[in-house]
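> After the sequence you'll find the predicted model.
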Amino acid sequence: MKTFTKLAFLGIFAATGIIIAGATAAQDAPAKLGDLEVTGAFTKAMLPGQPVGGGYFTIKNNGKSDDMLVSVSSPVAGTVEMHEMAMQGEVMKMRKLDTGIAIPAGKTVELTPGGLHLMFLKVKEPFKQGGKVPVTLSFEKAGKVDITLPVEAAGPGGHEHK
Ligand SMILES: [Cu+2]
């Protein structure tokens, strides 16, 4: 009887474990590429008439050498650029980063609305909330990794590109 109770308990425990593992896997799992870890990727739904979309995520460099995000591509956009928003005097301006985004050793770099970001140009179909945007990131040293940006609701916090 005692053994049976123990086994039943273990059974329930194991089942719970599976449920927890399943729930974790369903979430936005980090994309790993060597020492780099990409998390929290998202984009925003594009408003009617909006010609471009932004892309955001966090890259953590767990390694001992610097790396650089040198190019980005997506099958849903003609071009994907890397941009930076920065104050120029009293005006917020956007600048294209031609050499890429540095990912220093041991550092975490965030791409956010209003900061560093990806810019999707020549978008074939406007991003819709609930959709997914596939993106390939190419790093100077680590190589390439495919990530998916879930499309969140359009909203303030971004910036206009005209
Ligand atoms: Cu931009």
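Yep, it's here. Residues are numbered from 1 along each chain as shown.

> mind listing the strands for the chain?
Taking DSSP state E as the criterion, the chain contains strands spanning 31-33, 36-44, 53-61, 67-73, 77-88, 91-96, 101-103, 108-110, 117-123, 132-139, 143-152.

> interface residues of the protein facing the ion?
His83, Met94, Met119 (Cβ under 5 Å from the ion). The way it works is simple: take the backbone N, C-alpha and C, and place the C-beta from them, glycine included.

> And for the second one, the neighbour number?
Read it as Met94. When counting by other Cβ atoms under 10 Å, one arrives at 15 neighbours for Met94.

> looking at this structure, which helix or strand does the model trust least?
Least confident helix or strand, the chain: helix 2-26 with a mean of 46, by mean pLDDT, DSSP states H and E.

> Please name the nearest non-neighbouring residue to Ile101.
Counting by Cβ to Cβ, 6 or more residues apart in numbering, Ile101 lies nearest to Leu69, which is 4.4 Å off, once chain neighbours are set aside.

> do Ala77 as well
Leaving aside its chain neighbours, Ala77 sits nearest to Phe120 (4.0 Å; criterion: Cβ to Cβ, 6+ apart).

> same question, Pro75
Pro134 (6.2 Å).

> contacting residues for the one you found?
Ser74, Pro75, Val76, Asp146, Ile147, Thr148, Leu149 (Cβ atoms under 8 Å, 6 or more residues apart in numbering).

> Thanks again, I'm all set now.
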